[in-house]
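Peer 1: predicted model and sequence follow; I will ask about them next.
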Amino acid sequence: MKTNRRTFIGTLFAGLLGLVLLDAFWFEKYIIDWKQYDLSQGGTNRLKAIQISDLHLKSIESFHNYIAQRINREFPDVVFITGDSITRTNQMGLLHSFLGLMDDRILKIAILGNKEHSGRVDLDLLRKTYKNHNGLLLINESYEIWLRNRKINIIGVDDYALGAPDIVKSIGDMNKSYDAILLSHCPAFRDDLDVLLPDLNINLKLILSGHTHGGQITFFGIPIFKPHGSGRYLKGWYTNTISKMYVSKGIGTTIIPIRFGARAEATIFYI
């Protein structure tokens with residue numbers, strides 16, 4: 001009986017360990033969680049946007065193809081790429097290949113993350129790569145989307161952790177009467193924004209961030225580690241009387257190639 005019990009416990013443990021490893025190394029990394037939120041309040045001229053974040057491209061794999069295929073099927077007005085797409089200039093070809101999987105008719109608007117800064121990515125070449133695929137790289141800049149009978153300001157600030165985000169420079173002389181969406185890789189920048197926003201007089205509808213990977217490895221919702229620039233934020237919605245922010249868990253991984261309790265995601269917004 002003792003031998004049988006030990007064998008049973010050993011088999012059970014091995015099975016559970018196998019499931020955990022399968023989840024961490026495969027399911028949560030490669031089976032993308034597609035979420036959808038309608039913030040349009042029933043508007044008939046709403047913007048359809050898809051956010052992808054933290055690609056950390058090291059190779060083009062089948063799940064990257066699936067992401068692009070889903071984006072093409074959804075055919076949004078714009079794809080927001082909220083930083084940490086590549087870490088080195090020699091990975092630019094991977095970004096070019098990934099962007100090439102998406103329909104060039106779809107506008108892409110990207111910002112920098114800490115990895116583009118730490119890896120000293122060639123920003124001129126990065127701009128050119130996005131431009132070649134109907135894309136824009138915003139670094140403390142804004143861009144006006146003309147959506148049928150509506151105009152929307154897209155504001156892209158530099159990375160908070162390693163860059164120099166400047167919201168005043170970003171809004172420049174844009175028309176503040178239009179609705180605005182702000183892209184900021186690090187969610188901690190929102191705390192600075194909430195101090196400044198009351199005096200900026202912009203109609204900010206949404207802040208989109210990434211960076212945290214949702215903790216990447218969490219136990220009972222508690223992350224082992226959050227990178228500098230995460231602040232008090234981890235994932236999902238954060239709303240107060242001044243601003244509304246969504247923090248994406250992102251697509252890729254960093255440091256170690258696993259996710260646990262923090263499944264990769266892409267998000268569809270109607271705004």
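Peer 2: Now that the structure is in, tell me what you want to look at. Note that the structure is predicted; figures quoted are calculated from it, not measured.
Peer 1: in space, what's closest to the residue nearest the centre of the chain - neighbours in sequence excluded?
Peer 2: By Cα atoms, centre = their mean, the chain has its centre lying nearest to residue 53, at 2.3 Å. Here the nearest residue to residue 53 in space, its sequence neighbours aside, is residue 210; by Cβ to Cβ, 6 or more residues apart in numbering that works out to 3.1 Å. Every C-beta, even on glycine, is put in place using the N, C-alpha and C of the backbone.
Peer 1: wait, what's in contact with that neighbour?
Peer 2: Counting by Cβ atoms under 8 Å, 6 or more residues apart in numbering, residue 210 touches 51, 53-54, 82-84, 113, 185, 187, 247-250.
Peer 1: 7 Å - rerun?
Peer 2: 53-54, 82-84, 185, 247-248, 250 (Cβ atoms under 7 Å, 6 or more residues apart in numbering).
Peer 1: any chance of those residues in a markdown table, plus pLDDT, secondary structure and distance to residue 145?
Peer 2: Converted to a markdown table, those look like this (pLDDT from 0 to 100; DSSP: H, G, I helix; E, B strand; the rest coil; distance: Cβ to Cβ, whole Å):
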| residue | pLDDT | secondary structure | distance to residue 145 |
| --- | --- | --- | --- |
| 53 | 98 | coil | 19 |
| 54 | 98 | coil | 23 |
| 82 | 98 | strand | 16 |
| 83 | 97 | coil | 19 |
| 84 | 98 | coil | 23 |
| 185 | 98 | coil | 20 |
| 247 | 98 | strand | 23 |
| 248 | 98 | coil | 20 |
| 250 | 97 | coil | 23 |
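Peer 1: and those residues, which two are the farthest apart?
Peer 2: Farthest-apart pair in these is 84 and 247; separation 13.2 Å (Cβ to Cβ).
Peer 1: of the two, which one has the most company?
Peer 2: Legend: neighbour count by other Cβ atoms under 10 Å for residue 84 and residue 247, higher for residue 84 (30 against 26).
Peer 1: re the thing from before, for the contacts of residue 210, which one is nearest residue 134?
Peer 2: Taking the contacts of residue 210 together and measuring to residue 134 by Cβ to Cβ, the closest member is residue 82, at 17.6 Å.
Peer 1: tell me how far residue 186 lies from residue 230.
Peer 2: According to Cβ to Cβ, to the nearest Å, residue 186 and residue 230 sit 7 Å apart.
Peer 1: SS state for residue 194?
Peer 2: Classification of residue 194 using DSSP: H, G, I helix; E, B strand; the rest coil returns helix.
Peer 1: is it true that it touches residue 245?
Peer 2: No. Using Cβ atoms under 7 Å, residue 194 is not in contact with residue 245; the gap is 9.6 Å.
Peer 1: of the two, who's got more company?
Peer 2: Using other Cβ under 10 Å, the more surrounded residue of residue 194 and residue 245 is residue 245, with 22 against 15.
Peer 1: so how far is residue 184 from that one?
Peer 2: As for residue 245, its distance to residue 184 is 8 Å (criterion: Cβ to Cβ).
Peer 1: identify the contacts common to these two.
Peer 2: Common contact partners of residue 245 and residue 184 (Cβ under 7 Å, 6+ apart): 207, 209.
Peer 1: low-confidence ranges, this structure, go.
Peer 2: Filtered on pLDDT under 70, the chain yields the residue ranges 1-28.
Peer 1: so who does residue 187 touch?
Peer 2: Going by Cβ under 7 Å, 6+ apart, residue 187 touches 209, 211-212, 230-231, 233, 245, 247.
Peer 1: narrow these to those in strands?
Peer 2: 209, 245, 247 (DSSP state E).
Peer 1: my guess is the second one meets residue 209, correct?
Peer 2: This means residue 245. Yes. Counting by Cβ under 7 Å, residue 209 is a contact partner of residue 245 at 6.2 Å.
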